[in-house]
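Chemist: model the following, please.
(one chain, ligands or ions: 1)
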Amino acid sequence: MEIDIESPHSAAWPGIIQRYKRYLPVTADTPVITLLEGNTPLIPAVSLPRLFGVDIELYFKFEGMNPTGSFKDRGMTLAISKAAEEGAEIVVCASTGNTSASAAAYASRAGMISTVLIPRGNIAQGKLAQAMMHGAVVVQIDGNFDDCLRLVRALAEERPVAIVNSINPYRIEGQKTGSFEICQQLGGRPPDYHVLPVGNAGNITAYWKGYREFFYNGLIDRLPRMIGFQAAGSAPIVRGMRIDKPETVATAIKIGDPASWKSAVAARDESGGLIEEVTDDEITHAQKLLASYEGVFAEPASAASVAGVAKLSRKGFFPKGACVVCILTGHGLKDPERAIAIAEAPARSSANIHAVLDLLDRAVEARKRHSNP
Ligand code: F0G
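Modeler: Numbers count the residues shown, from 1 in each chain. Model prediction:
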């Protein structure tokens, strides 16, 4: 299919494999296991640049709009399709939650068994619910994500299973299509800065690959700088050392020994970019700003990219007019406990109109005072 650089959208979106097959390792014989992932909105910011005190063109690529609510679906459609082509019956992954939700969904469509290893007590409820509902064999490990990934590698030595973590190159191939969409949605140009959270580091690797492919194919005439953010308690790449006990409220990126460490550093250095850290407080603040000023509900890990833009804005990092794209990797609904913990508690009233009016009048006043300091 010819790529029309001006127009990413079609009335009947076929999913990323059909849309971008000339850039993907598929043939006419590859069965396409799809939930019509991709084609996610690139939402222009309306308030945050002003709040951050910068004059930039800021966009949110809302990957939470994928079928299972995260960017993982782009890589999973390809990984599961290739596993089906190769005759796999069982797929396995380690996950902080989103990969397991996506693997379970696509495996169920392909008629495969999925096995997911997750760190016990450390994944968001929505993600656990998804893996369970799609019928995965869910194993909660008394350990962290890095332990889960180590076990998955060992398991694959013992049993005929296909690993669908991002150490599977098809995952990276599928995820690179996010870059293609961004360039098309910007009318045939890349952003100046591509900002995203970094955990196991597959995604930064994939986006960088995607941009380079569009560049070498002459579809864009320059490359963006890749700007990654890790959570301060889980920042092995920033610190230059493995973290044995990673900590952060952003459980999706609570990873101490990223599998794609080297390629993340390459993406940073080849693009003239950065990988820095943001604190849990900065992540939480950014998640609330995004929800309350932009109307976009993203999960905590995703908000790390926005916290990063706020931090770099304070330092005067962005030149005036720069085009900045933040990847919002997962939907806020994935992690309702965290949202309820950080947002204002609901008010309670007796079932009486006067009580309700009184409460509303006071709440509206308080909101107005808050927005006009
Ligand atoms: N944001 C979200 C919402 C994620 O779920 C992840 C990773 C990342 C960012 C980081 O991406 O690992 O490619 O650097 N989640 C994986 C999982 C680890 O198991 O769902 P990365």
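
Chemist: going forward, measure contacts between C-alpha atoms and count neighbours the same way
Modeler: Noted.

Chemist: mind listing the strands for the stretch 51-200 of the chain?
Modeler: Read by DSSP state E, counting those that start in this stretch, the stretch 51-200 of the chain holds these strands, from start to end of the chain: 57-62, 90-94, 113-119, 137-141, 162-163, 193-197.

Chemist: export the longest one to CSV, keeping only CA atoms.
Modeler: What follows is strand 113-119, C-alpha atoms only, in CSV (Å, rounded to 0.1, in the frame of the first residue of the first chain):
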residue,chain,number,x,y,z
ILE,A,113,-2.6,-20.0,25.5
SER,A,114,-0.9,-17.0,27.1
THR,A,115,1.1,-17.2,30.3
VAL,A,116,2.0,-14.0,32.1
LEU,A,117,4.4,-13.6,34.9
ILE,A,118,3.8,-10.4,37.0
PRO,A,119,5.3,-9.0,40.1
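
Chemist: and the ligand, is that strand touching that?
Modeler: No - using Cα under 6 Å from any ligand atom, strand 113-119 never reaches the ligand; the gap is at least 8.1 Å.

Chemist: got it, and the fourth one?
Modeler: No - counting by Cα under 6 Å from any ligand atom, the ligand has no neighbours in strand 137-141; the shortest distance is 13.1 Å.

Chemist: so what strands line up beside that strand?
Modeler: Here strand 137-141 has these sheet partners by DSSP bridges: strand 113-119 (parallel).

Chemist: from the ligand, how far off is residue 173?
Modeler: Distance from residue 173 to the ligand, counting by Cα to the nearest ligand atom, to the nearest Å: 12 Å.

Chemist: tabulate the strands of the stretch 51-200 of the chain in TSV, adding columns for mean neighbour count, distance to residue 243 and mean pLDDT.
Modeler: Rendered in TSV, the data for the strands of the stretch 51-200 of the chain read as follows (neighbours: other Cα atoms under 10 Å; distance: least, Cα to Cα, whole Å; pLDDT from 0 to 100):
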stretch	mean neighbour count	distance to residue 243	mean pLDDT
strand 57-62	22	29	98
strand 90-94	24	18	98
strand 113-119	24	16	98
strand 137-141	16	18	98
strand 162-163	23	24	98
strand 193-197	27	17	99
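
Chemist: nearest to residue 100, out of those strands?
Modeler: Among the strands of the stretch 51-200 of the chain, the nearest to residue 100 by Cα to Cα is strand 113-119 (5.7 Å).

Chemist: between strand 90-94 and the closest one, find me the angle.
Modeler: With axes from the mean of the first three to the mean of the last three Cα atoms, to 10 degrees as the basis, strand 113-119 and strand 90-94 are set at 10 degrees to each other.

Chemist: what comes into contact with strand 113-119?
Modeler: Identification of contacts with strand 113-119 by Cα atoms under 8 Å, 6 or more residues apart in numbering yields 89-97, 100, 103-104, 107-108, 131, 135-145, 148-149, 152.

Chemist: cool, stretch 141-151 as well?
Modeler: Contacts of stretch 141-151 (Cα under 8 Å, 6+ apart): 93-96, 117-120, 122, 245, 254-258.

Chemist: need the pLDDT of the most centrally placed residue in the chain.
Modeler: Centrality entry for the chain: nearest residue to the mean C-alpha point is residue 329, 1.9 Å, by Cα atoms, centre = their mean. Per-residue confidence for residue 329 comes out at a pLDDT of 98.

Chemist: so the nearest residue to residue 222 once chain neighbours are set aside, which of the three states?
Modeler: Among residues not flanking residue 222 along the chain, residue 215 sits closest, at 6.5 Å (Cα to Cα, 6 or more residues apart in numbering). Per DSSP: H, G, I helix; E, B strand; the rest coil, the secondary structure class of residue 215 is helix.
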